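Enquirer: the sequence and its predicted three-dimensional model are supplied below.
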Amino acid sequence: MNRPLRRFANDRERDSRSTRARRVLGFAALATVAALTVTGCAPIAALLQQATAPEPELPALPDGTVAGFGAQQPEWVGCEDGLECAVVHAPLDWNQPSGETIVLRLVKQEALGGEAAGTLFVNPGGPGASGVDYLSGGADGAVQPDVQEAYDVVAWDPRGVGASSPVTCLDDARMDEYLFGVDPAEADLDVGSDAWMEAALAHEQAFGDACLQETGDLLAHVSTAETVQDLDMLRAIVGDPKLNYLGYSYGTYIGARYADAYPERAGRLVLDGAIDPAASLSDVVREQTRGFETALRTYVADCISRQDCPLNGPVDVGMAQISALLDQVDAKPLTGSDGRSFTASTMLTAIITPLYAQSNWGYLDELFSSVAQGDPDIGLTLADFYYDRENGTYRSNSTEAFTAINCLDYPAGDVDRDQMRADAAELAEIAPTIGRFQGYGDLACAAWPEQPAAERGPVTGAGADPILVVGTTGDPATPYRWAESLAEQLESGVLVTYNGEGHTAYGESACINGVIDEYLLTGAVPTSDPQCS
């Protein structure tokens, strides 16, 4: 049975063995696969329970004005390996700042060189990735040493995420049913038929209804536009006249929207693994599907050059073997040692997860070898890493937050079944191996209980200081053309190209590191694209 993928690549790279891989993309198609998210650490609440320092206290409740929220004086307390944590208030609804409030949690590494030149805010992606967990895993995975010397580095959990006021939907057992279960109502139906779509919509509506019941009014107020307003509040709280910011993957969308909303307050912004703000959901799914198919072919080309490769060459033959494994699992899901079903959707998640970084391709060798032998446990482990699941427990709410934020950020419109079928056929054509499993992701938001907050469209950031837009030519999750598009949209956008593989570039190349570090430390930008490698 082929269920619509719930998450596709917007941003979620993961590799517990690599700090870089913990940047998340999560954005994608709302199909299920891969935009990776990251967090390699326990939730901050657990970290604080393990620490000897007390839980930070909320500052006095603001006076209900925008200025009052920006004037908060948070209490910073030691929380993990020399870091400091704090909590602040934010309006539930920025259109009604005198109304109900929510809580945002922050973590800070003070400038290692002494007096800070300012604050650098960092976001690892998502949507749904915890910035607190990301920075708690070590600032070395976020920024280079010279930048740590100069800046206080601050990350936060955006509204709806992690240790801030969270989106909550299902307990662990029900989340397993949602992500890994085989719905009997869909199993015997033809994918794309009216009956199958009705069953899929009912499945997604049950999830959305659970989110609304458990989360309440917050579910309507977790859009990126509201996170941008939160970020401007945080800038005011730390006392910086302009925002200095490093955003990865989905985090580039936050940064681009900030530059558009507050160009006069946009300082040094680095947008690495750029998302095109004007791209529609169908555009995102199509380009990410194309990107991951290309990345898979690149992996196969590398694999068949090695004696230990589980696939046969040439590349088209290796891709056909992967396609056959997906078909086998789709026709008859495997059962893991823990009793969970290993479906084609789960296998696709397992395939895409290592494609975020070339250093993780070895996991694909193990995946294809084990599935060919009828053993799905490695595949389930890779999917668990993607969903932040460990020993049957979901360590974060990244899956719930991912869907909630995306469904507010993308216009849903009416369900056009014929258009969805046409889109599914196009995906199968442009990506013959994985594309046929990537259709019908629109159904997730079509059944969502809250309406989208705004239309998507291009940004200009008119009047902003120069903004670095970084794109990787072999990035499967945020295709290079998106970086080109964003740099063109921003009046002060400066494109920096990394000729390489994987998702995001900072930390992967001395050339890229030099360009970004010089910009963050001095404000200087290259006079032309350095074409780093």
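Expert: All right, it came through fine.
Enquirer: quick one, helices of the stretch 101-250 of the chain?
Expert: Using DSSP state H, counting those that start in this stretch, the helices of the stretch 101-250 of the chain run over residues 131-136, 145-150, 172-180, 184-187, 194-215, 224-238, 250-261.
Enquirer: got JSON lines for those, with mean neighbour count and distance to Pro158 too?
Expert: From N, CA and C alone the C-beta is placed, and that goes for glycine too. Formatted as JSON lines, the helices of the stretch 101-250 of the chain follow (neighbours: other CB atoms under 10 Å; distance: least, CB to CB, whole Å):
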{"stretch": "helix 131-136", "mean neighbour count": "29", "distance to Pro158": "7"}
{"stretch": "helix 145-150", "mean neighbour count": "18", "distance to Pro158": "22"}
{"stretch": "helix 172-180", "mean neighbour count": "17", "distance to Pro158": "21"}
{"stretch": "helix 184-187", "mean neighbour count": "14", "distance to Pro158": "33"}
{"stretch": "helix 194-215", "mean neighbour count": "18", "distance to Pro158": "14"}
{"stretch": "helix 224-238", "mean neighbour count": "22", "distance to Pro158": "5"}
{"stretch": "helix 250-261", "mean neighbour count": "28", "distance to Pro158": "8"}
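Enquirer: now distance to Gly318 and mean pLDDT too, for these, in TSV please.
Expert: What follows is the helices of the stretch 101-250 of the chain, written out as TSV (distance: least, CB to CB, whole Å; pLDDT from 0 to 100):
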stretch	distance to Gly318	mean pLDDT
helix 131-136	35	94
helix 145-150	40	97
helix 172-180	27	96
helix 184-187	30	65
helix 194-215	31	95
helix 224-238	39	98
helix 250-261	31	98
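Enquirer: same list (those helices) but as TSV, adding distance to Ile102.
Expert: Listed next are those as TSV, based on distance: least, CB to CB, whole Å:
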stretch	distance to Ile102
helix 131-136	15
helix 145-150	30
helix 172-180	23
helix 184-187	36
helix 194-215	11
helix 224-238	9
helix 250-261	17
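Enquirer: ok, which of these comes nearest Ala510?
Expert: Between Ala510 and the helices of the stretch 101-250 of the chain, the tightest spacing by CB to CB is seen for helix 145-150, at 12.6 Å.
Enquirer: let's check: the centremost residue of this protein is which one?
Expert: Closest to where the C-alpha atoms of the chain average out (CA atoms, centre = their mean) is Gly126, at 2.0 Å.
Enquirer: distance of that one from Trp361?
Expert: 24 Å (CB to CB, to the nearest Å).
Enquirer: what's the answer for Asn513, then?
Expert: Relative to Trp361, Asn513 is positioned 23 Å away (CB to CB).
Enquirer: which residues does the closest residue in space to Ala195 that isn't next to it in sequence contact?
Expert: What sits nearest to Ala195 in space, not counting adjacent residues and going by CB to CB, 6 or more residues apart in numbering, is Leu189, at 5.1 Å. Contacts for Leu189 (CB atoms under 8 Å, 6 or more residues apart in numbering) come out as Ala195, Trp196, Ala199.
Enquirer: quick check: phi and psi on the residue nearest to the centre of the chain?
Expert: phi 130, psi -130 (degrees, to the nearest 10).
Enquirer: over to Ser130?
Expert: Reported as degrees, to the nearest 10, the phi and psi values for Ser130 are phi -90, psi 120.
Enquirer: can you count the residues close to it?
Expert: Neighbourhood size, Ser130 [other CB atoms under 10 Å]: 36.
Enquirer: follow-up on the earlier one: quick check, pLDDT for the residue nearest to Ala195.
Expert: For Leu189, the pLDDT comes out at 88.
Enquirer: which residue ranges of the stretch 401-533 of the chain form helices?
Expert: 417-430, 442-446, 480-489, 510-522.
Enquirer: buried ones in the first one?
Expert: Neighbour-count burial for helix 417-430 flags Met420, Arg421, Asp423, Ala424, Glu426, Leu427, Ala428 (criterion: 16 or more other CB atoms under 10 Å).
Enquirer: report the two of the residues you listed separated the most.
Expert: The farthest-apart pair in the buried residues of helix 417-430, when distances are taken by CB to CB, is Met420 and Ala428, at 12.7 Å.
Enquirer: so what sits against both of those two?
Expert: Taking CB under 8 Å, 6+ apart as the criterion, Met420 and Ala428 both touch Gly439.
Enquirer: now the buried residues of helix 417-430 in TSV, with distance to Glu488 and pLDDT?
Expert: Below are the buried residues of helix 417-430 laid out as TSV (distance: CB to CB, whole Å; pLDDT from 0 to 100):
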residue	distance to Glu488	pLDDT
Met420	30	93
Arg421	33	95
Asp423	26	95
Ala424	30	96
Glu426	25	97
Leu427	26	97
Ala428	31	96
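Enquirer: now distance to Asn397 too, for these, in CSV please.
Expert: As requested, those are exported to CSV (distance: CB to CB, whole Å):
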residue, distance to Asn397
Met420, 28
Arg421, 33
Asp423, 29
Ala424, 29
Glu426, 33
Leu427, 29
Ala428, 33
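Enquirer: could you list the low-pLDDT ranges of the chain?
Expert: Applying pLDDT under 70 to the chain picks out residues 1-53, 184-187, 413.
Enquirer: quick one: the strands in it?
Expert: Listed in chain order, the strands of the chain (DSSP state E) span 77-80, 83-91, 101-109, 118-123, 151-156, 243-248, 266-272, 334-335, 341-342, 389-390, 393-394, 467-474, 493-501.
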